[in-house]
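Colleague: Provide a 3D model corresponding to the input given below.
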Amino acid sequence: MLDSLAVPRRSFDFEDYVDVLRRNMRWLIAPAFAGLVIATLVAYMKADMYVSTAVIRVTPQQISPDLVQNFTSQDVADRINGMSETILSHNTLGGLITSYGLYKDDLKSEPMEDVIEKMHGAISIVPVGGSPVKDKILPVMAVRFSYSDRFVAQKVCADLVSRLMNLSTQYVVESQQSANEFLNDEVDQAKRELDQLEQKLSDFRAQHAGQLPDEVQVNMQQMNALDNRLSALTDAANRNNERRMLLENELHIAKDRLATVASPGAQKLANLDHQIQEQEANIAAMRERYTEDYPDLQAAKDRLAFLQRERAEAAKQVPQTDDTPVMTREGLDGQESVDRIQTQLKTNAIEEAQIRRDIQNVNGALRNYQGRIEAVPAGEREYYELLRDRDLAKQRYIDLEGKRSKSNVSIDMERRKQGETLELLDAASLPTSPAAPKRAMMLPTGAFIGLLFGIVIVAIREVKDTSLKNLKDARLYTQLSILGSIPLLENDIVVQRRKQVMWVGWATATIAGLAIMAGSVAHYYLTR
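Modeller: Residues are numbered from 1 along each chain as shown. Just a heads-up that it's a prediction; the model follows:
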């Protein structure tokens, strides 16, 4: 039955929120004040941390790299990263802690390793920009150190910068010297190898005096030239063959055209004349290659004689009377084309014969030079291998000697501080105000967090409190008309005593909080 009478809680209006604030004011003020007290205690009990900052930048090489090459394997930015790791090593930080008496209180309660880690976190070496030089950006670095004593912070920051700059110079010099020592070893090794090869070559020359193949290199050059000449002749022969095929095709077409306008007897004479010309050209080409007793040449001569007799008989059969028809203009033009093409074919045959003779001559010369080179004894081949090895070793020695000279110049440039160096742009600063803790932010933040905590407590109290607070609650939850209200009557003495106890408690808490805040502030200023 009670569940059936339950009604949802009504929504709060502005008056309800004011009433809630009035009823729970102390639950809001107390956490906020407690948060302020705690924040004040923490802020003023923590030691001030001063940050000293120095700025260094990388200056480019003073001498043009085209004149003097830097032989270091890394640029300055990479070296700074490596040097930072060296400076932040345990040995270096341990030495700084001992030299400047840092973290005395921490050393009493913590091991040295933990104190070193704490100091490692207090040091930062970070890039803050860069200066463009030609095709690269040279970095600008900031070195920072935070410590409770601002004068000590400045001294340690200056020491870190000094160590960084000294390490940069030392690193460059050591890198240059290492590269120079490596080149010196390589040059000495190359010199020893060159001397050994020179000695072997001298011994070989003394052993084979007067038997050295001084002309083998010339023969090789001549063979290379002949190979090129042979390739050119082969290409010319191919082009000549292609030209001959084209002319033969044109001749065939011209003869066909002439046959349509010429008489049968004249056509036969023209064909025989063409065969005789081809045979004569063939005989001329064969005479260039073979002797008169060669069987193919004799058969070609017999074939020529047969064609000449057949031509004479055909000429007798062609009528030579005055009534023989005169060849037309087209026939004359066709005969002229045939004669021109036959002339070109003869010229082509002569060129082909000349090319063949040249190819034979070149092949003969190649065989001659090849025989000369193959006739070189094995000892002479060893001589040329010695010459080749000596030349290679000499070239390697010259290259290494040049690199060593450049390395010496680079070392001299670094010693005169003309290479890429670190320059102190801003010296270690003396901080005037602490960088931490930020009390101006901590105090209001503590009060705000306490206020939020109080709001959470008030919200929880209001959710758990289901009592009727005013007439609105009575009307809603009883569903009855309210005719009047009777105020709560309490004993005045009890009420007065309760108020006195409350005010005493608030006064005590306030005084205690203020005392704690004043004590922490006083402790801060008295111990500075």
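
Colleague: what residue spans form the domains of the chain?
Modeller: What automatic domain parsing lists as the domains of the chain is 2-44+437-526, 50-187+402-426, 216-382.

Colleague: any idea where the helices of the stretch 51-200 of the chain begin and end?
Modeller: Assigned helices in the stretch 51-200 of the chain, in chain order: 76-87, 90-100, 104-109, 112-122, 150-207 (criterion: DSSP state H, counting those that start in this stretch).

Colleague: out of the domains of the chain, which one sits most buried?
Modeller: Comparing the domains of the chain by mean neighbour count (mean count of other C-beta atoms under 10 Å), domain 50-187+402-426 ranks first with a mean of 16. Every C-beta, even on glycine, is put in place using the N, C-alpha and C of the backbone.

Colleague: that older thread, tabulate the domains of the chain (CSV), appending mean pLDDT.
Modeller: Compiled in CSV, the domains of the chain are given as follows (pLDDT from 0 to 100):
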stretch, mean pLDDT
domain 2-44+437-526, 77
domain 50-187+402-426, 77
domain 216-382, 74
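
Colleague: export these to a markdown table and tack on distance to E193?
Modeller: Supplementary listing: the domains of the chain in a markdown table, determined by distance: least, C-beta to C-beta, whole Å:
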| stretch | distance to E193 |
| --- | --- |
| domain 2-44+437-526 | 70 |
| domain 50-187+402-426 | 11 |
| domain 216-382 | 18 |
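
Colleague: and stretch 361-370, how far out from the chain's middle?
Modeller: Averaging C-alpha coordinates over stretch 361-370 and over its chain gives two centres that are 54 Å apart (C-alpha atoms, centre = their mean, to the nearest Å).

Colleague: Y50 falls within a strand, correct?
Modeller: Yes. With the criterion set as DSSP: H, G, I helix; E, B strand; the rest coil, the secondary structure at Y50 is a strand.

Colleague: against L386, how distant is it?
Modeller: In this structure, Y50 lies at 75 Å from L386, with C-beta to C-beta, to the nearest Å as the measure.

Colleague: which non-adjacent residue is nearest T445?
Modeller: Leaving aside its chain neighbours, T445 sits nearest to A39 (6.5 Å; criterion: C-beta to C-beta, 6 or more residues apart in numbering).

Colleague: list the contacts of the one you found.
Modeller: Neighbour list for A39: 442-443, 445-447 [criterion: C-beta atoms under 8 Å, 6 or more residues apart in numbering].

Colleague: what do you get if the cut-off is 6 Å, keeping everything else the same?
Modeller: With contact taken as C-beta atoms under 6 Å, 6 or more residues apart in numbering, A39 is in contact with 442-443, 446.

Colleague: which residues are contacting stretch 388-408?
Modeller: With contacts defined as C-beta under 6 Å, 6+ apart, stretch 388-408 is touched by 69, 71, 179-180, 183, 186-187, 190-191, 193-194, 197, 201.

Colleague: make it 10 Å
Modeller: The set of residues external to stretch 388-408 that reach it, using C-beta atoms under 10 Å, 6 or more residues apart in numbering, is 68-71, 176-177, 179-198, 200-201.

Colleague: ok, now stretch 24-37?
Modeller: By C-beta under 10 Å, 6+ apart, the list of residues contacting stretch 24-37 from outside reads 21, 442-462, 502, 505-506, 509-510, 512-517, 520.

Colleague: that stretch: how far from the chain's middle?
Modeller: Mean C-alpha position of stretch 24-37 versus that of the full chain (C-alpha atoms, centre = their mean) differs by 62 Å.

Colleague: nearest residue to A237 in space, please, no chain neighbours.
Modeller: Distances taken as C-beta to C-beta, 6+ apart put I355 closest to A237, at 4.8 Å, once the chain neighbours are dropped.

Colleague: please, which helix or strand holds the one you found?
Modeller: Secondary-structure element containing I355, defined by DSSP states H and E: helix 329-374.

Colleague: which secondary structure elements does that helix contact?
Modeller: Using 3 or more C-beta pairs under 10 Å, 6 or more residues apart in numbering; DSSP states H and E as the contact criterion, the elements in contact with helix 329-374 are helix 216-259, helix 264-289.

Colleague: residue contacts, E193?
Modeller: Taking C-beta under 10 Å, 6+ apart, one finds 389-390, 392-394, 396-397 in contact with E193.

Colleague: in helices, which of the residues you listed appear?
Modeller: By the criterion of DSSP state H, membership of the contacts of E193 in helices covers 389-390, 392-394, 396-397.

Colleague: for the residues you listed, give me CSV that also has neighbour count and distance to Y103.
Modeller: Formatted as CSV, the ones in helices among the contacts of E193 follow (neighbours: other C-beta atoms under 10 Å; distance: C-beta to C-beta, whole Å):
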residue, neighbour count, distance to Y103
D389, 16, 67
R390, 17, 68
L392, 13, 64
A393, 19, 62
K394, 15, 64
R396, 16, 58
Y397, 20, 59
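
Colleague: now pLDDT and distance to Q170 too, for those, in TSV please.
Modeller: Shown next, in TSV, are the ones in helices among the contacts of E193 (pLDDT from 0 to 100; distance: C-beta to C-beta, whole Å):
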residue	pLDDT	distance to Q170
D389	86	42
R390	85	42
L392	88	39
A393	87	37
K394	88	37
R396	87	32
Y397	87	32
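
Colleague: can you check what angle separates the helix holding I355 from helix 264-289?
Modeller: The directions of helix 329-374 and helix 264-289 differ by 10 degrees, with axes from the mean of the first three to the mean of the last three C-alpha atoms, to 10 degrees as the criterion.

Colleague: just send the helices and strands packed on helix 329-374 back as TSV, with distance to A32 too.
Modeller: Formatted as TSV, the helices and strands packed on helix 329-374 follow (distance: least, C-beta to C-beta, whole Å):
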stretch	distance to A32
helix 216-259	101
helix 264-289	124
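
Colleague: just checking, L160 touches T92?
Modeller: Yes. Contact between L160 and T92 holds when scored by C-beta atoms under 10 Å: they sit 9.1 Å apart.

Colleague: can you give me phi and psi for A428?
Modeller: Geometry field for A428 lists phi and psi as phi -60, psi 130, criterion degrees, to the nearest 10.

Colleague: ok, now which ones touch it?
Modeller: 52-55, 143-145, 153-162.

Colleague: you'd agree L96 is up against R163?
Modeller: Yes. L96 is within contact range of R163, at 9.0 Å (criterion: C-beta under 10 Å).

Colleague: intersection of neighbour lists for the two?
Modeller: Contact with both L96 and R163 is made by residues I87, according to C-beta under 10 Å, 6+ apart.

Colleague: K200 versus Q207, what's the distance?
Modeller: As defined by C-beta to C-beta, Q207 lies at a distance of 10 Å from K200.

Colleague: more crowded one of those two?
Modeller: When Q207 and K200 are compared for neighbours, K200 comes out ahead with 14 against 10, by other C-beta atoms under 10 Å.

Colleague: grab the nearest non-local neighbour of the more buried one.
Modeller: The shortest distance from K200 to any non-neighbouring residue, by C-beta to C-beta, 6+ apart, is to L386 (5.8 Å).

Colleague: just L387 next, same as before
Modeller: Skipping the residues right next to it in sequence, L387 comes nearest to L201 by C-beta to C-beta, 6+ apart, at 7.0 Å.

Colleague: quick one: contacts for Q170?
Modeller: Q170 makes contacts with M83, as judged by C-beta under 10 Å, 6+ apart.

Colleague: no no, L246
Modeller: Taking C-beta under 10 Å, 6+ apart as the contact definition, L246 lies against 341, 344, 348.

Colleague: the last one contacts L247, doesn't it?
Modeller: Yes. The criterion here is C-beta under 10 Å, and N348 meets it with L247 at 6.2 Å.

Colleague: ok, K346 touching E278?
Modeller: Yes. Using C-beta under 10 Å, K346 is in contact with E278, at 9.3 Å.

Colleague: residues contacting G454?
Modeller: 24-35.

Colleague: name the SS class of L41, please.
Modeller: Using three-state DSSP as the criterion, the local structure at L41 reads helix.

Colleague: all helices for the stretch 351-500 of the chain, in order.
Modeller: With DSSP H, counting those that start in this stretch as the definition, the stretch 351-500 of the chain shows helices at residue ranges 378-415, 439-464, 471-478, 492-526.
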